[in-house]
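# structure, please.
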Amino acid sequence: MAEIVVNWEGKEARFPAGVVGKEVVRSLAPHLAARALVMEVGGEVKDLSHPLTADCQVKFLTWDDGAGKRALRHSTSHVLAQAVKKVFPEAKLAIGPAIEDGFYYDFAVPRAFTPEDLEKISAEMDKIIAADLPFERREISRAQALAFFREKGENYKVELIEDLPAEAVISLYRQGDFVDLCAGPHVPSTGYIKAFKLLSVAGAYWRGDEKREMLQRIYGTAFASAEELAEHLRLLEEAARRDHRKLGRELDLFSIQEEGPGFPFFHPKGMILRNELEAFWREEHRRRGYDEIRTPIILSQELWQRSGHWDHYRENMYFTEIDGRGFAIKPMNCPGGILVYKSRAHSYREFPIRLAEMGLVHRHERAGVLHGLMRVRCFTQDDAHIFMLPSQITEEIKGVIDLITYIYSVFGFSYQVELSTKPENAMGSDEVWEEATSALRQALEQAGMEYKVNEGDGAFYGPKIDFHLRDCLGRTWQCGTIQLDFLMPERFNLEYIGEDGDKHRPVMIHRTVLGSIERFIGILIEHHAGAFPTWLAPVQARVLPITDRQLPYARHVAADLTAQGVRAEVDERNEKIGHKIRDAQLQRIPYMLVVGDKEMAQDAVAVRHRERGDLGAVSLERFTAGIKEEIAARSVEGAKWC
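Below you'll find the model as predicted:
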């Protein structure tokens, strides 16, 4: 019998050709035999039941590996589908992928699933898992697959198969009496699923198309242990408590109206928060040599054709016509910044030229993906476009990295970095892309940054560095980005006069720090659960008179604070002081200043902090100096003066 050599982490052994991964892991890595979920062979993730027919190197993947997590969760989605078909035989199957932190499966059913239905489905899943049914892969032809699913009346599966190439080999997976269309891979058996939870039901258009039928989507999650699942569910509850949409209503920061789906309305308190963010942003950019510009939100169709957005981004844009001429509402700020650069001649002596813009952009998003401030149809990007000499690339990128690091530190965020390379729909030659990617990589390494490579996820005009900040729940959000661009200067014929007196082409950086202002505000709301640092809080101090007798003094305190730049207000309601304190706590106001006869007589305030409680009585002068110091420091941790 023919033999093959299998290598695992430098350890080799001979096996009969056709040996499956499960046998190999028992021999080469017995300590992983119980934990291995799938394996990697030749760069592809395979089932442990996959036969090995040639010499190869294998890697056994467990729950600690991303592919292992995805395989377990995808397998759980198949168990969900099997359970639904058992409880609701009339249900039709659509798709059921693994997603970040979980999985879902879409079904066509006569009525919406109820919480009671989820309990029945979950109980059936428990039975399937307890039966420890093996996941068995079978490959068939396209014609066989079509015949199989047509016979079962699974029209959604038939449509998926019909979209595949005629020569495609189709794979099916069976567990028990349930068969599904799937590319895999899967864990060896249903018994590998140790802890799962069905979370919610939502409507979902078939294939994400609003013109197609609405299906029922069941969301769930799965973990390697009950303890991990319990911790995840705790974090989900905490995330729900911090939901920026809920807090946005309660704190009167913003709203989304039926008349403008995806177009946020900022209320007075929300504008205070926004203006403080923008003021800090402007202050820091002025300090670092940026000049601020503003460009129109509507520009000619010809401009977007020239920039490449017409070919690469048109489906996400809004259009209009003016005087018989086509125009588009800008989805990005860069062409406007380029036109500002082109408005006059430039010399090499001016470089680098750093043009910053708080630019309002509009992008068409489908209704199903809109989500509060996190996914909207209009938002403000804190853009900047840096025009520079080729010799300045590395230092300018390092300067942007330093700016991003500083600004994130002010908000208390850590971050991770990804380098995204050439996508399939990219403009320009491989040589230009390699030059730009190498420059970004060099800047990251010189800055001492750890990063991972995200293949194929660059912008269509250049590679990029993405900054994913981490919030208090461990979630990551992509905000800052640095994109190096050799192509736009070429398409727009950008020039400068060099030291030799000849015309040369500048290099361009596109970058954001906060990303979308709206989204960043949503992140801040959830990160702080609405209890913003004092410098950002819409109301920084609320004065609480015990009785109406102290009302004139309370107004004096608030007026004095306001005159010195502190956002203060008076609770003038005829309510008990305990009620006033509770209301201020619910509004997440940093400082409550209780004033009674004693405080009025001594020109003092009794200070109460929203987190640390009663801090005692201090003179109004001392409190004012202290809170001003805290605001000026833009402290995240809170006051150190009291």
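# how close does the nearest residue to Leu370 once chain neighbours are set aside sit to Gly248?
With sequence-adjacent residues excluded and distances taken as Cβ to Cβ, 6 or more residues apart in numbering, Leu370 is closest to Gly262, at 4.7 Å. All C-beta spots, glycine's among them, are computed from the backbone N, C-alpha and C. Plainly put, Gly262 is 15 Å away from Gly248 if you go by Cβ to Cβ, to the nearest Å.
# neighbour count for the two, which is higher?
Gly248 (24 against 20; other Cβ atoms under 10 Å).
# just to check, that one is in contact with Ile525?
Yes: between Gly248 and Ile525 there is a contact at 6.5 Å, judged by Cβ atoms under 8 Å.
# and for those two, which residues touch both?
Both Gly248 and Ile525 are in contact with Leu373, where contact means Cβ atoms under 8 Å, 6 or more residues apart in numbering.
# what about the strands in the stretch 401-550 of the chain?
Ranges of strands in the stretch 401-550 of the chain, per DSSP state E, counting those that start in this stretch, are 414-420, 452-454, 464-470, 476-485, 496-497, 503-504, 507-516, 541-545.
# relative to Leu273, which of these is closest?
Proximity to Leu273, assessed across those by Cβ to Cβ, is greatest for strand 507-516 (12.7 Å).
# and the helices in the stretch 251-400 of the chain?
Secondary structure of the stretch 251-400 of the chain (DSSP state H, counting those that start in this stretch): helices at 268-287, 301-307, 309-312, 334-342, 393-410.
# for the third one, list every residue counted as buried.
What that stands for is helix 309-312. Neighbour counts over helix 309-312 (16 or more other Cβ atoms under 10 Å) mark His309, Trp310, His312 as buried.
# over to the first one?
Going by neighbour count (16+ other Cβ under 10 Å), the buried part of helix 268-287 is Lys269, Gly270, Ile272, Leu273, Arg274, Glu276, Leu277, Phe280, Trp281, His285.
# what stretches of the chain score poorly on pLDDT?
For the chain, applying pLDDT under 70 flags the ranges 1, 638-642.
# quickly list what the one residue sitting closest to the centre of it is bridged to.
For the chain, the residue nearest the mean C-alpha position is Trp477 (3.9 Å; Cα atoms, centre = their mean). For Trp477, the beta-bridge partners under DSSP bridges are Leu469.
# surely it meets Leu469?
Yes: counting by Cβ under 8 Å, Trp477 touches Leu469, with 5.5 Å between them.
# okay, and the common contacts of the two?
Joint contacts of Trp477 and Leu469 (Cβ under 8 Å, 6+ apart) are Ile523.
# hmm, back to that, any chance of the buried residues of helix 268-287 in JSON lines, with distance to Gly203 too?
Listed next are the buried residues of helix 268-287 as JSON lines, based on distance: Cβ to Cβ, whole Å:
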{"residue": "Lys269", "distance to Gly203": "33"}
{"residue": "Gly270", "distance to Gly203": "29"}
{"residue": "Ile272", "distance to Gly203": "36"}
{"residue": "Leu273", "distance to Gly203": "33"}
{"residue": "Arg274", "distance to Gly203": "32"}
{"residue": "Glu276", "distance to Gly203": "38"}
{"residue": "Leu277", "distance to Gly203": "35"}
{"residue": "Phe280", "distance to Gly203": "40"}
{"residue": "Trp281", "distance to Gly203": "38"}
{"residue": "His285", "distance to Gly203": "43"}
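# so which of those is the closest to Arg111?
Taking Cβ to Cβ as the measure, Arg111 lies nearest Gly270 of these, at 39.2 Å.
# list the buried residues for the longest helix anywhere in the chain?
As assigned by DSSP state H, the longest helix anywhere in the chain is helix 66-87. Residues of helix 66-87 classed as buried: 67-87 (neighbour count, 16+ other Cβ under 10 Å).
# which of the helices of the stretch 251-400 of the chain sits closest to Gln175?
Of all the helices of the stretch 251-400 of the chain, helix 309-312 sits nearest to Gln175, with 42.2 Å by Cβ to Cβ.
# what's that closest one packed up against?
Helices and strands touching helix 309-312, by 3 or more Cβ pairs under 8 Å, 6 or more residues apart in numbering; DSSP states H and E, are helix 301-307.
# with just CA atoms, put the helix it packs on into PDB.
Taking C-alpha atoms only, helix 301-307 is exported to PDB below (Å, rounded to 0.1, in the frame of the first residue of the first chain):
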ATOM      1  CA  GLN A 301     -20.200  63.800 -12.400                       C
ATOM      2  CA  GLU A 302     -17.100  64.300 -14.500                       C
ATOM      3  CA  LEU A 303     -15.000  64.700 -11.400                       C
ATOM      4  CA  TRP A 304     -16.200  61.400 -10.000                       C
ATOM      5  CA  GLN A 305     -15.500  59.700 -13.300                       C
ATOM      6  CA  ARG A 306     -12.000  61.100 -13.300                       C
ATOM      7  CA  SER A 307     -11.300  60.100  -9.700                       C
END
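# which elements pack onto it?
Contacts defined by 3+ Cβ pairs under 8 Å, 6+ apart place helix 301-307 against helix 309-312, strand 325-329, helix 334-342, helix 487-491.
# centre of the chain to that helix, how far?
With Cα atoms, centre = their mean, to the nearest Å as the basis, helix 301-307 stands 29 Å off its chain's centre.
# run through who's touching that helix.
For helix 301-307, contacts defined as Cβ under 8 Å, 6+ apart pick out 310-311, 314, 317, 319, 325-328, 334-335, 338-339, 488, 491-492.
# what does stretch 569-576 give?
Against stretch 569-576 from outside (Cβ under 8 Å, 6+ apart): 539, 541-545, 548, 551, 554-555, 557-558, 580, 583-584.
# my guess is Ile353 contacts Phe387, does it?
Yes: assessed by Cβ under 8 Å, Ile353 is found in contact with Phe387 at 4.4 Å.
# which one of these two is surrounded by more residues?
Neighbour totals were compared for Ile353 and Phe387, and Phe387 leads with 24 against 18 (other Cβ under 10 Å).
# that one and Arg567, how far apart?
Distance, Phe387 to Arg567, by Cβ to Cβ: 39 Å.
# what distance do you get for Leu355 to Pro489?
Counting by Cβ to Cβ, the gap from Leu355 to Pro489 is 14 Å.
# shared neighbours, those two?
Phe387.
# circling back: show me which of the buried residues of helix 309-312 is closest to Ile293.
Proximity of the buried residues of helix 309-312 to Ile293, judged by Cβ to Cβ, is greatest for His309, which lies at 19.2 Å.
# list the residues that contact the closest one.
Each residue near His309 by Cβ under 8 Å, 6+ apart is listed here: Met317, Ala328, Pro331, Met332, Pro335.
# export stretch 428-435 as CSV, just CAs?
Extracted in CSV, the C-alpha atoms of stretch 428-435 (Å, rounded to 0.1, in the frame of the first residue of the first chain):
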residue,chain,number,x,y,z
GLY,A,428,-3.0,50.9,-11.1
SER,A,429,-0.1,48.5,-11.8
ASP,A,430,1.2,45.9,-9.4
GLU,A,431,4.5,47.8,-9.3
VAL,A,432,2.9,51.0,-8.0
TRP,A,433,0.9,49.0,-5.4
GLU,A,434,4.1,47.2,-4.3
GLU,A,435,5.9,50.5,-3.9
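# buried stuff in it?
Using 16+ other Cβ under 10 Å as the test for burial, stretch 428-435 gives Gly428, Val432, Trp433, Glu435.
# run a quick neighbour tally on the closest residue to Gln442 other than its chain neighbours.
Excluding the flanking residues, the one nearest Gln442 by Cβ to Cβ, 6+ apart is Thr394, at 5.9 Å. Neighbours of Thr394 under the rule other Cβ under 10 Å: 17.
# from Arg354, how far off is Thr394?
16 Å.
# again with Leu544
47 Å.
# look at the two and report which has more neighbours.
Under the criterion of other Cβ under 10 Å, the comparison of Leu544 against Arg354 puts Leu544 first, with 25 against 21.
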